[in-house]
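> Here you go, sequence then predicted model.
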There are 2 protein chains.
Amino acid sequence: MVISVIGIGLIGGSMAISLKENGFAERIIGVDVSQENLDKAVRRRLIDDDASLDDAIAQSDILILSTPVDAMKKLLPEILSKLDKQVVLDVGSTKQELNAIVEHHPNRGRFVATHPMAGTEYSGPEAAIPDLFNGKCTVIVDEHLSDADALEKVRDLYTSMDCSITYMDAQSHDIHTAYVSHISHISSFALALTVLEKESNEKRIFELAGSGFGSTVRLAKSSPDMWVPIFRQNRDNVLDVLDEHINQLARFRSLLIKKDYDRFYELIEKSNSIRKIIDKQ
Amino acid sequence: MVISVIGIGLIGGSMAISLKENGFAERIIGVDVSQENLDKAVRRRLIDDDASLDDAIAQSDILILSTPVDAMKKLLPEILSKLDKQVVLDVGSTKQELNAIVEHHPNRGRFVATHPMAGTEYSGPEAAIPDLFNGKCTVIVDEHLSDADALEKVRDLYTSMDCSITYMDAQSHDIHTAYVSHISHISSFALALTVLEKESNEKRIFELAGSGFGSTVRLAKSSPDMWVPIFRQNRDNVLDVLDEHINQLARFRSLLIKKDYDRFYELIEKSNSIRKIIDKQ
């Protein structure tokens, strides 16, 4: 199988490593707006060679669209218009806008919308790592809109990387990801700013910051180039969750003001039940 | 050296492991209100034997007070009144209230207030792990109030565990820890509640939650028995930081409402500079 990765960063690059390593891909072609990224990707052996988008489409069985989600809205209709029997899948963190754009495209069936639930706070081809998707879950969105053979190929691709697969419509996907991914990022960005703006003494932060702080603000290292387009596309859902998160913080605040430590204790106990979810991971 | 650990949980238990392993302690005595914890600690070989508080004081060179911070306020004056040339140190996350309580105690000089900046989200003797303090920073608070020989012993104790040492007054300590530790916990508790209350479908959270979510809510597994006394003692500082954190989240909210994605981008970029602090760790 020849596979093109369009946008050779953390996600595309990590998929390139896995799919070549496990033999699913015989050859990986890289496409990117940045020649520097392509050169890095060749040097790191993430890709076998680079090509123009047109050449990549002509030579590939499967195209993986792994650019920031705003670029996908431009690229996906263009790719769909140029392909024949090839399959294109995206790996973006938002789905409603993208799926709406290609809803009536004559080649819509060749597209499979997916979202592998894996990542790190780093970006670019230098951030690509082996086994990023190993044991993780992938969402396939609105699978009934894809041709049966295209869906089958994409399932095989994820299964080859040891991913489990779950199915969702675009609207549910965007609501759920606002909760389990997008809000975590805003929370980390805001926490980093809180500490940076109030703690003018950086040496002190550095000395004192334990692993708890590091864990909570880790996502604040994430790239705005990737995340602003996600927040733009999922604005309404993110706003809902952000309102709820601010409300929860305001509850803690109000209990501190009232010195109601019994209720404060109850809230912490309730939040502890997140254990049963994250400890299974 | 004979060392007693009073409160044999995550911190006390991990210190017991390190100090025995590196030869600083010949013998470790455990004291705890819970006989179950003491039995666990003996079975896990965290301590050599358990004893009553009075026996522990009589037999020890150094006493490590590692209970929740509310219990410390009762125990520390009691211990100080009973000791002679022994040294007692605490390892709590708040300092102003505790130091005020023993300010005029005739044996104040035998006490060294410390805060090793290390921990995990787990608690109890079963959570104790080797090397928890290795390479971490310890704060020694109001060191001028301790006798020179007591301070020296406590420095040696931390150095033996490969901890670096920094010095601070109690007020500064409590402000700094509100920023780099206490707020992270409230943020995680609130994030866990946000997701748990809005996402009624737990199976979905579990499937979709990636490592980013896990990292941001990890601290929400922390024990209310340990944390409520900390928030109670550091209430005013925590309220200040919590207000600032809510303000930062409200800024992101307002930019989303106005669809001001350029400014949103700038805020994320600014928060990214947390890299230079946490990447050094």
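Received it, and whenever you're ready, just let me know what you need.
> Isn't residue A:278 up against residue B:218?
Yes. Using C-beta atoms under 8 Å, residue A:278 is in contact with residue B:218, at 7.1 Å. In short, each C-beta sits where N, CA and C put it, glycine included.
> where does chain A dip in pLDDT?
Residue ranges of chain A with pLDDT under 70: A:202, A:280-281.
> Now the most centrally placed residue in it: closest residue in space, sequence neighbours ignored.
Nearest to the mean C-alpha position of chain A, by C-alpha atoms, centre = their mean, lies residue A:93 at 4.6 Å. Nearest residue to residue A:93 in three dimensions, chain neighbours excluded: residue A:230, at 4.9 Å (C-beta to C-beta, 6 or more residues apart in numbering or on different chains).
> mind giving me the domain split of chain A?
Following automatic domain parsing, one gets these domains for chain A: A:2-168, A:173-278.
> Now for the residue lying closest to residue A:263 once chain neighbours are set aside: which residues touch it?
In this structure, residue A:263 finds its nearest non-sequential neighbour in residue A:255, 5.3 Å apart by C-beta to C-beta, 6+ apart. Counting by C-beta atoms under 8 Å, 6 or more residues apart in numbering or on different chains, residue A:255 touches A:261, A:263-264, A:267.
> Check which helix or strand residue A:255 maps to.
With secondary structure defined by DSSP states H and E, residue A:255 is part of helix A:235-257.
> Now do that helix and helix B:235-257, the angle between them.
Taking axes from the mean of the first three to the mean of the last three C-alpha atoms, to 10 degrees, one finds helix A:235-257 and helix B:235-257 inclined to each other by 160 degrees.
> how distant is helix A:235-257 from the center of its chain?
How far helix A:235-257 lies from its chain's middle: 24 Å, per C-alpha atoms, centre = their mean, to the nearest Å.
> Okay, buried residues for it please.
With burial defined by 16 or more other C-beta atoms under 10 Å in any protein chain shown, the residues of helix A:235-257 counted as buried are A:235, A:237-239, A:241-242, A:244-246, A:248-249, A:252-253, A:255-256.
> And the strands in chain A, which stretches?
Ranges of strands within chain A are A:2-6, A:27-31, A:49-50, A:62-65, A:87-90, A:111-116, A:137-141, A:164-168, based on DSSP state E.
> Dump the ones you listed to TSV, plus mean neighbour count and distance to chain B.
Listed next are the strands of chain A as TSV, based on neighbours: other C-beta atoms under 10 Å in any protein chain shown; distance: least, C-beta to the nearest C-beta, whole Å:
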stretch	mean neighbour count	distance to chain B
strand A:2-6	26	20
strand A:27-31	24	24
strand A:49-50	17	28
strand A:62-65	26	18
strand A:87-90	26	17
strand A:111-116	25	9
strand A:137-141	22	5
strand A:164-168	16	5
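> then stretch A:109-127 to CSV, C-alphas only?
Taking Å, rounded to 0.1, in the frame of the first residue of the first chain, the C-alpha atoms of stretch A:109-127 are listed here in CSV:
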residue,chain,number,x,y,z
GLY,A,109,-17.9,8.2,-0.2
ARG,A,110,-14.1,8.1,-0.6
PHE,A,111,-13.7,10.1,2.6
VAL,A,112,-13.6,8.6,6.1
ALA,A,113,-13.7,11.1,9.0
THR,A,114,-11.6,9.8,11.9
HIS,A,115,-10.1,11.1,15.1
PRO,A,116,-7.4,9.0,16.9
MET,A,117,-7.6,10.0,20.6
ALA,A,118,-3.8,10.3,21.1
GLY,A,119,-1.3,13.1,21.1
THR,A,120,1.3,15.0,23.1
GLU,A,121,1.9,18.7,23.8
TYR,A,122,4.6,18.9,21.1
SER,A,123,4.2,19.5,17.4
GLY,A,124,6.1,19.3,14.1
PRO,A,125,7.9,16.3,12.5
GLU,A,126,10.4,16.3,15.3
ALA,A,127,7.6,15.5,17.7
